[in-house]
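> what follows is a protein structure lacking sequence information:
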Ligand SMILES: [Zn+2]
């Protein structure tokens, strides 16, 4: 009451005014309590624990849907992008489309001199098979606690273009991985907006030149790492995750994992646990062998990180009859499986970004 009295109410106040003041005071007290409560919840936001992050993860997993992936893939693997051959018009259009997606979703371009507005320029002649200028496309979410530690989630967006007048659409290879990375980034951005910023930084990397020798990722790793490779904690690479191969036609609930245990036991264990707890796919390790005759470990972009002792997981659905044919089209994708595999990669990335320690490299 003291404040009210000193701020003007004199001794001649009548009862009515006194009641009014009491009500006013009560309102103000309630307001202060409310502000206090909000203040407390604001300060908790800054110290979300790992348990808090685990608790909200299922909500963000659900934001990655078959419908959205399908909408995106019908664009990325459309006629307009002409099979996305490195350096050609179709690849440029695809690059623009991916960049626009990130701009629309307010996901930033990474900092530094090597990237200009989401594009890392690779000049013609950098490697003999780069005949025309081309570009990697990137987006970035900065970590809150360990911003210098980087997780890379990657997919190649180039394909083989037009041959003999036929468009090679590359819906599975690797339109599927391209749209997965886009939707994974969007899920991380949504979480960030809700206060769950990743503790480590995440680079969403769409590489070019894969089909002509893993050249976009080679350029990144060998010539122009946007972030120091020693600070790169892991690479989750996705190349062909929308189809079901012959071996799994009766049980499509699977994905092949390659590389998870080759450099880091921690990474392998984290990946297994995340899948068990949140997703429930059959993780098939059939091709997880450097001596496998298919040599898949060496055949996509993760290898340019693995060769630098960065732990990797390569997510893959296996080959099929439309592999590198004009018939690799978006109508043949199993969108429920594409969604579930994308969710697995997202959940694994979430755990890697938010875990106390980065995965230890304990194997060579
Ligand atoms: Zn390919």
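Cool, got the structure. Bear in mind that the values here come from a model prediction, so they are computed numbers and not experimental data. Residues are numbered from 1 along each chain as shown.
> could you pull out the strands in this structure for me?
Secondary structure of the chain (DSSP state E): strands located at 119-122, 134-141, 146-156, 162-163, 166-167, 200-207, 232-238, 254-258, 282-284, 312-316.
> which stretch among the ones you listed approaches residue 222 most closely?
strand 119-122 (11.5 Å; Cβ to Cβ). Using the backbone N, CA and C atoms, a C-beta is placed for each residue, glycine as well.
> circling back to that earlier point, out of the strands of the chain, which comes closest to residue 359?
Closest approach to residue 359 among those is made by strand 232-238 (5.9 Å; Cβ to Cβ).
> now do that closest one: distance to the chain's middle.
How far strand 232-238 lies from its chain's middle: 10 Å, per Cα atoms, centre = their mean, to the nearest Å.
> contact partners of it?
149-155, 174, 176-177, 180-181, 200, 225, 264, 267, 300-302, 305-306, 308, 310-316, 341-342, 345, 348-349, 352, 358-359 (Cβ atoms under 8 Å, 6 or more residues apart in numbering).
> check which residues of stretch 150-167 are buried.
Buried residues in stretch 150-167, counting neighbours by 16 or more other Cβ atoms under 10 Å, are found at 150-161, 167.
> and the strands of the chain: which comes nearest residue 292?
Closest to residue 292 of these is strand 254-258 (Cβ to Cβ; 8.6 Å).
> now that closest one against strand 232-238, angle please.
Angle, strand 254-258 to strand 232-238, by axes from the mean of the first three to the mean of the last three Cα atoms, to 10 degrees: 140 degrees.
> given strand 254-258, what are its sheet partners and their directions?
Its sheet considered, strand 254-258 pairs with strand 282-284 (parallel), strand 312-316 (antiparallel) by DSSP bridges.
> can you verify my assumption that residue 166 contacts residue 327?
No - in this structure, residue 166 is not within contact of residue 327 by Cβ atoms under 8 Å, at 9.6 Å.
> ok, for residue 327, nearest residue in space, not its chain neighbours?
Spatial nearest neighbour of residue 327, chain neighbours left out: residue 321 (7.8 Å); criterion: Cβ to Cβ, 6 or more residues apart in numbering.
> ok, now residue 140?
Spatial nearest neighbour of residue 140, chain neighbours left out: residue 110 (3.9 Å); criterion: Cβ to Cβ, 6+ apart.
> please report phi then psi for the one you found.
Backbone torsions of residue 110, given as degrees, to the nearest 10, read phi -60, psi 150.
> how far away is it from residue 116?
Look at residue 110 and residue 116: by Cβ to Cβ, to the nearest Å, they are 10 Å apart.
> with neighbour numbers in mind, choose between these two.
Ranked by neighbour count (other Cβ atoms under 10 Å), residue 110 and residue 116 place residue 110 first, with 20 against 11.
> my read is that that one contacts residue 226, right?
Yes - in terms of Cβ under 8 Å, residue 110 counts as a neighbour of residue 226; the distance is 5.3 Å.
> overlap in contacts, those two.
138, 203.
> now residue 337: how far from residue 127?
Separation of residue 337 from residue 127 (Cβ to Cβ): 34 Å.
> the more surrounded of those two?
Neighbour count, other Cβ under 10 Å: between residue 337 and residue 127, residue 337 has more, with 22 against 16.
> I figured residue 347 hits residue 59, correct?
No - Residue 347 lies out of contact with residue 59 (Cβ under 8 Å); the separation is 11.6 Å.
> have a look at the two and say which one is more surrounded.
Counting neighbours by other Cβ under 10 Å for residue 347 and for residue 59 shows that residue 347 has the greater number, 23 against 13.
> tell me the contacts of the more buried one?
57, 61, 274-275, 278-279.
> go on, residue 65?
By Cβ under 8 Å, 6+ apart, the contact list for residue 65 reads residue 339.
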